[in-house]
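>>> fold the following and give me the result.
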Amino acid sequence: MKSYDASLRVSTQKQGQSGLGLEAQRAAVEAFTLTAHLVGEFIEVKSGKQNQRPQFGAAMALAKAKGATLLIAKLDRLSRNAGFIFQLRDAGVDFVYCDMPDANTLAVGPFAVLAQHERELISQRTKAALAAK
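Below you'll find the predicted structure:
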């Protein structure tokens with residue numbers, strides 16, 4: 001039976017406290033792992049543009065130690081920083097996204113860049129809304 005290690009992330013403390021985003025990610029992970037063994041779950045409450053992610057580092061270490069595949073509910077829940085996503089690809093840890101289980105490195109590249117672009121658009125919209133207020 002294949003083993004997985006889940007990494008979940010929300011961006012803000014408010015999202016972390018409400019648990020709604022985490023519950024949606026957890027549901028995706030549970031549906032994906034119905035016939036697999038989940039060896040761990042690590043939760044990070046941090047913006048997707050942040051690269052200093054202790055829980056994610058712990059998830060990667062456990063995946064390596066157990067020979068598990070790192071499981072991420074959605075690409076943008078891993079990060080909205082393309083460089084960070086490419087570093088994971090090159091880190092030697094197997095990983096899979098629940099919403100794109102068959103994605104290979106060719107497919108992940110454009111999605112990583114799109115996730116980063118969306119982060120930049122969100123920032124622009126937020127700044128414009130605050131300026132208008």
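>>> need the strands for the protein, in chain order.
3-10, 37-45, 69-72, 95-97 (DSSP state E).
>>> distance to residue 119, mean neighbour count and mean pLDDT added to these, as JSON lines?
For glycine as for every other residue, the C-beta is placed from the backbone atoms N, C-alpha and C. Formatted as JSON lines, the strands of the chain follow (distance: least, Cβ to Cβ, whole Å; neighbours: other Cβ atoms under 10 Å; pLDDT from 0 to 100):
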{"stretch": "strand 3-10", "distance to residue 119": "13", "mean neighbour count": "25", "mean pLDDT": "91"}
{"stretch": "strand 37-45", "distance to residue 119": "16", "mean neighbour count": "18", "mean pLDDT": "92"}
{"stretch": "strand 69-72", "distance to residue 119": "16", "mean neighbour count": "24", "mean pLDDT": "91"}
{"stretch": "strand 95-97", "distance to residue 119": "17", "mean neighbour count": "20", "mean pLDDT": "87"}
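>>> now do stretch 104-119: everything it contacts.
48-49, 75-76, 79-82, 85-86, 89, 97, 100, 103 (Cβ atoms under 8 Å, 6 or more residues apart in numbering).
>>> who wins for most neighbours among the residues you listed?
residue 79 (28 neighbours; other Cβ atoms under 10 Å).
>>> please look at that one and residue 87 and confirm they touch.
No. With contact defined as Cβ atoms under 8 Å, residue 79 does not count as touching residue 87 (9.3 Å).
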